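K.L.:
Sequence plus predicted model, see below.
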Amino acid sequence: MSMSLYVQNRELVTPGQLLCEGKVSISTPTTVYCINSKCYSAVVGLADIEGDKIGVIPLEGFYYPKVGDVVIGIITSVGLTSWEVDIRALHPAVLYASDFLNRPLNPGREVLSDYLDIGDVVLAKVENVGRGRTITLSVKGKGFGKVCKGSLVEISSAKVPRVIGRKGSMLQLLTNECKCEIIVAQNGRILIDNCPSKDFEEIAILAIKKIEKEAHISGLTDRVKEFIIKEKVRRGLFVG
Amino acid sequence: MGKGGVKLIEGNLRHDGRRFDELRSISMTVGVLKNSNGSAIVEYGRTKVLAAVYGPREPPAKHVLLPNRAVIRCRYHMAPFSTHERKNPAPSRREIELSKVIREALEPVVMSELYPRTSIDIFIEVINADGGTRTASITAASLALADAGIPMRDLVASVAVGKVDGVLVLDIDEVEDMYGEADMPVAMAPTLRWITMLQLNGVLTHEEFIQALNLAKKGIEVIYNMQKEVLKKKYLSIKVEE
């Protein structure tokens, strides 16, 4: 395969920067573009080279819904048969009442705000992304539905992969060290629940904020582990 | 001697002590506003411009949406306190025109086809005006777009070349613009070698035009490198907390 590279793996690149020339496959089609078999970055991000695949992981950006994504949404308006949900995407999503209730709805008798009102939080799955960019959500399945307790943390959706880590390593670290249930939604909202105490919850939130801030610097997992231990010692939570 | 009897060139230097091919001192900062998706402040000497980018988002007026790409909306505005005499804050004919010129300078590089039925809104506020506000605005808006994470084919950098007392000079300021013979703002996407904006006010001969364009390219190259530096600096300056 003929290809010449102009950047190193994990190098910080800017829009318009030449990445490579020749035949390559692009792993992130929205952040890399090619003209005359030359590939350029389209965003500020980190070059990601794996074999003959090249991509750029953006450092800023917004959430593009994909079918099957787990998202945490906030109800923004209540209709007759559906809710409009903010999932931090370009367009609001729709959650149908018949899906939420799992039975046909009688709009004459029932008022949807009895079930979910403006400001309520739902954990849902993206069921469909239509051609007109209409996004449909579904709450079928275990664990989905209205969220009644816990803390909600918002981070940039571009940094979600770092909170999960390679093969879920970072998320596992957070769950084990803070002993909380942590749900990371693809749209950059994170739900922290069932913590042993307020302190653990706060440590988890601070750790997530640290991950978001330092996402582009390598050695993140070790630093976060150290940070959590330090915070625990400071708060007198360390046992053993 | 220029129009109106102002001495603009003395020996090999201009009225403010710059060489003919020297830019004003330029400074750039990105990520200055919290509520916007991306923002930047750019200073060309005493000219200071703030740009903020929102979107892609659903605009309040749905009729402007396009089915195949995002609409780019741009507002160039001069603050009432940006000039010597108070400027009426209502958008003037000039500001409406410049909004369009700046938008068209950026449209070729923004990959708007990725976001159908949305709008990308660019707000440009001139805080202090001393010539070259449209070029500073384009530089600032392109930084703000990159800061917002909107995919772009390249950054756009812009600078003006003028003819003052018969000499071509780079990055003219307000005095040189007022009393000079010609003013030519140029915007380019340097990696792709695209000229996205070219205006000419005044008269240049064919040879002078070629020379002026080459001079502008030189200036744009310097500004472009500064843009790349400042975008990288935002992340490289974050230090690991101990």
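P.N.:
Happy to help now that I have it. On a predicted model such as this, the values are computed, not experimentally measured, just so you know.
K.L.:
For the longest helix seen in chain B, buried residues please.
P.N.:
Ranked by residue count, the top helix of chain B under DSSP state H comes out as helix B:206-236. For helix B:206-236, the neighbour count (16 or more other C-beta atoms under 10 Å in any protein chain shown) marks B:208-209, B:212-213, B:215-217, B:219-220, B:223-224, B:226-228, B:230-231, B:234-235 as buried. Bear in mind the C-beta positions are built from the backbone N, C-alpha and C, glycine included.
K.L.:
residue contacts, residue 135?
P.N.:
Answering for chain A, as no chain was given. Listed by C-beta atoms under 8 Å, 6 or more residues apart in numbering or on different chains, the contact partners of A:I135 are A:P65, A:I87, A:A89, A:H91, A:P92, A:A93, A:V94, A:V126, A:N128, A:V129.
K.L.:
let's do chain B instead
P.N.:
Contacts of B:T135 by C-beta under 8 Å, 6+ apart are B:Y44, B:S158, B:V159, B:A160, B:D171, B:P185, B:V186, B:A187.
K.L.:
repeat that for 6 Å
P.N.:
B:S158, B:V159, B:A160, B:P185 (C-beta atoms under 6 Å, 6 or more residues apart in numbering or on different chains).
K.L.:
next one: B:S39
P.N.:
Here B:S39 is in contact with B:V32, B:L33, B:A52, B:A144 (criterion: C-beta under 6 Å, 6+ apart).
K.L.:
Just the ones of those residues in strands?
P.N.:
B:A52 (DSSP state E).
K.L.:
Could you identify the buried members of the contacts of B:S39?
P.N.:
B:L33, B:A52, B:A144.
K.L.:
Thought B:N37 was touching the last one, still the case?
P.N.:
What that stands for is B:A144. No. Between B:A144 and B:N37 there is no contact, the gap being 8.5 Å when judged by C-beta atoms under 6 Å.
K.L.:
hey, what's in contact with both of those two?
P.N.:
B:V53.
K.L.:
where along chain B do the strands fall?
P.N.:
Using DSSP E, strands in chain B cover B:9-10, B:13-14, B:26-30, B:38-44, B:47-57, B:71-78, B:119-128, B:157-164, B:167-170, B:182-189, B:194-198, B:201-202.
K.L.:
so, in contact with chain A or not, the third one?
P.N.:
By that I understand strand B:26-30. No. Strand B:26-30 is not in contact with chain A by C-beta under 6 Å from any C-beta of the partner chain; minimum separation 9.2 Å.
K.L.:
helices and strands around that strand, which ones?
P.N.:
On a contact count with 3 or more C-beta pairs under 6 Å, 6 or more residues apart in numbering or on different chains; DSSP states H and E, strand B:26-30 meets strand B:38-44, helix B:206-236.
K.L.:
Check which residues of it are buried.
P.N.:
B:I26, B:M28, B:T29, B:V30.
K.L.:
which one is the third one nearest to, not counting chain neighbours?
P.N.:
In other words, B:T29. Nearest non-adjacent residue to B:T29, counting by C-beta to C-beta, 6 or more residues apart in numbering or on different chains: B:I41, 4.8 Å away.
K.L.:
can you check the second one too?
P.N.:
Spatial nearest neighbour of B:M28, excluding adjacent residues (C-beta to C-beta, 6+ apart): B:V230 at 4.4 Å.
K.L.:
thought the one you found was touching B:S27?
P.N.:
No. The pair B:V230 / B:S27 is not scored as a contact, 8.8 Å apart, by C-beta under 6 Å.
K.L.:
which of the contacts of A:I135 come close to chain B?
P.N.:
A:H91.
K.L.:
The residue nearest in space to the middle of chain A and B:T47: what is the separation?
P.N.:
Note on chain A: the residue nearest the mean C-alpha position is A:Q186, at 2.8 Å, using C-alpha atoms, centre = their mean. Distance, A:Q186 to B:T47, using C-beta to C-beta, to the nearest Å: 42 Å.
K.L.:
Was I right to think A:S4 contacts A:E21?
P.N.:
Yes. Using C-beta under 6 Å, A:S4 makes contact with A:E21 at a distance of 5.0 Å.
K.L.:
So the two - more neighbours on which side?
P.N.:
A:E21 (16 against 10; other C-beta atoms under 10 Å in any protein chain shown).
K.L.:
and the more buried one, what pLDDT?
P.N.:
At A:E21, the model reports a pLDDT of 90.
K.L.:
quick one: contacts for it?
P.N.:
Counted by C-beta under 6 Å, 6+ apart, A:E21 has contacts A:S4, A:K38.
K.L.:
hang on, it in a helix?
P.N.:
No. Assessed by DSSP: H, G, I helix; E, B strand; the rest coil, A:E21 does not belong to a helix; its assignment is strand.
K.L.:
partners of it in the sheet?
P.N.:
Beta bridges link A:E21 to A:S4, A:K38 when assigned by DSSP bridges.
K.L.:
And for B:R14?
P.N.:
B:I9.
K.L.:
Which pLDDT value does the model give A:R235?
P.N.:
So A:R235 comes in at 87 (pLDDT).
K.L.:
packing partners for the lowest-mean-pLDDT helix or strand in chain A?
P.N.:
Within chain A, no helix or strand scores below strand A:3-5, which has a mean of 82 by mean pLDDT, DSSP states H and E. Secondary-structure packing of strand A:3-5 (3+ C-beta pairs under 6 Å, 6+ apart): strand A:18-22.
K.L.:
what sits up against the very next helix or strand once past the strand it packs on?
P.N.:
Downstream of strand A:18-22, the first helix or strand assigned by DSSP states H and E is strand A:25-26. The contact list for strand A:25-26, computed with C-beta under 6 Å, 6+ apart, reads A:V32, A:K53.
K.L.:
what number of residues lie near B:E10?
P.N.:
10.
K.L.:
Also the one 3 residues further on?
P.N.:
Other residues near B:L13 come to 12 when the count uses other C-beta under 10 Å.
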